[in-house]
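[1] Next input, structure requested:
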Amino acid sequence: MAKKKKNLILIIPAFLIMGAAIGIQTKDVFKQTLIGLVVGIIIYFFLKYRNKKINSNI
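    Sure, this is the predicted structure:
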């Protein structure tokens, strides 16, 4: 079986860029970029915890 790549950290810059894109549309770039960064970090830690829990049960 092929080894799974660990690209989970790439979620944080993805949400950062999505927040910046929404900020450009709403004329509030800084606020939306910070919200995107915070959401990306929260989702990263949630998925990291979930993956650790799933892998420990196998």
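
[2] where exactly do the strands run in this protein?
    Assigned by DSSP state E, the chain shows no strands.

[3] Can you show me the helices along it?
    11-26, 29-57 (DSSP state H).

[4] how far off helix 11-26 does the last one point, in degrees?
    In other words, helix 29-57. 150 degrees (axes from the mean of the first three to the mean of the last three Cα atoms, to 10 degrees).

[5] And helix 29-57, what's buried?
    32, 33, 35, 36, 37, 39, 40, 44 (16 or more other Cβ atoms under 10 Å). The C-beta positions use only the backbone N, C-alpha and C, and glycine is treated the same way.

[6] Am I right that the first one is in contact with residue 19?
    Yes. In this structure residue 32 lies within contact range of residue 19 using Cβ atoms under 8 Å: 4.6 Å.

[7] about what we covered before: make a markdown table out of the helices of the chain and add mean pLDDT.
    A markdown table is the format used below for those (pLDDT from 0 to 100):
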| stretch | mean pLDDT |
| --- | --- |
| helix 11-26 | 93 |
| helix 29-57 | 91 |
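
[8] give me the number of residues near the closest residue to residue 47 other than its chain neighbours?
    Of all residues not flanking residue 47 in the chain, residue 8 sits nearest, at 5.9 Å (Cβ to Cβ, 6 or more residues apart in numbering). Using other Cβ atoms under 10 Å, residue 8 has 13 neighbouring residues.

[9] In contact with residue 8: list those residues for me.
    Residue 8 sits next to 44, 47, 48, 51 when contact means Cβ atoms under 8 Å, 6 or more residues apart in numbering.

[10] quick one: which of those residues is nearest to residue 12?
    residue 44 (5.5 Å; Cβ to Cβ).

[11] Spit out the contact partners of that closest one.
    Taking Cβ under 8 Å, 6+ apart as the criterion, residue 44 is in contact with 8, 9, 11, 12.

[12] quick check, nearest of the buried residues of helix 29-57 to residue 26?
    Using Cβ to Cβ, the buried residues of helix 29-57 come closest to residue 26 at residue 32, 6.5 Å.

[13] any idea how far that closest one is from residue 51?
    Separation of residue 32 from residue 51 (Cβ to Cβ, to the nearest Å) stands at 28 Å.
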